[in-house]
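J.: Quick one: sequence and predicted model below, then my questions.
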Amino acid sequence: QVQLVESGGGLVQPGGSLRLSCAASGRIRSIYSMDWYRQAPEKQRESVASIVLSSGRTNYADSVKGRFTISRDNSKNTVYLQMNSLKHEDTAIYYCNVDAREIGTAGYADYWGQGTQVTVSS
């Protein structure tokens, strides 16, 4: 199995910053990409940012471009999301998603973290 542990959520004022982390562990043979999603109350889960581990290629939702930065530490199987200039509408549960291949398996599968709450409020 692959386990994901997220950290870094919390309460922050508008305009503030937070840094989320997600560490993957377990029977990991390789990881293709690591992504961040979020789900606000009564809304569908949406993709926020993604990064391909081998190339470092990134992709962002239009709503966070220029404010959020995704990065990774391949040696630690960890992905980060630096969130700056936070807005009320960024309030959501943020989930880490990993596209990984387990040892002894033939293909890649999606794994999800438990989520971390980010609340932007004055």
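T.: That came in fine, so what should we check first? In this text the structure is predicted, and so the values were computed from the model without any measurement.
J.: what helix or strand does R38 sit in?
T.: strand 28-39 (DSSP states H and E).
J.: which helices and strands sit right next to that strand?
T.: Contact partners of strand 28-39 among helices and strands, from 3 or more Cβ pairs under 8 Å, 6 or more residues apart in numbering; DSSP states H and E: strand 18-26, strand 46-52, strand 78-83, strand 92-102. Any C-beta I mention is one placed from the backbone N, CA and C, and that applies to glycine too.
J.: Which residue is the nearest non-sequential neighbour of the residue in the chain sticking out farthest from the centre?
T.: Distance from the C-alpha centroid of the chain, by Cα atoms, centre = their mean, peaks at G104 (25.8 Å). Closest residue to G104 apart from its sequence neighbours, by Cβ to Cβ, 6 or more residues apart in numbering: R27 at 7.3 Å.
J.: Need the per-residue pLDDT for that neighbour.
T.: pLDDT for R27: 94.
J.: Going by neighbour count, list what's buried in stretch 18-36.
T.: L18, L20, S21, C22, A23, A24, I28, I31, S33, M34, D35, W36 (16 or more other Cβ atoms under 10 Å).
J.: Quote the end-to-end distance of it.
T.: Stretch 18-36 has an end-to-end distance of 14 Å (criterion: Cα to Cα, to the nearest Å).
J.: before we move on, the earlier item: quick one: the residue farthest from the centre of the chain and I31, what's the gap?
T.: Separation of G104 from I31 (Cβ to Cβ, to the nearest Å): 16 Å.
J.: so where's the chain uncertain?
T.: Applying pLDDT under 70 to the chain picks out no residues at all.
J.: Centre-most residue in it?
T.: Residue closest to the mean C-alpha point of the chain, counted by Cα atoms, centre = their mean, is W36 at 2.7 Å.
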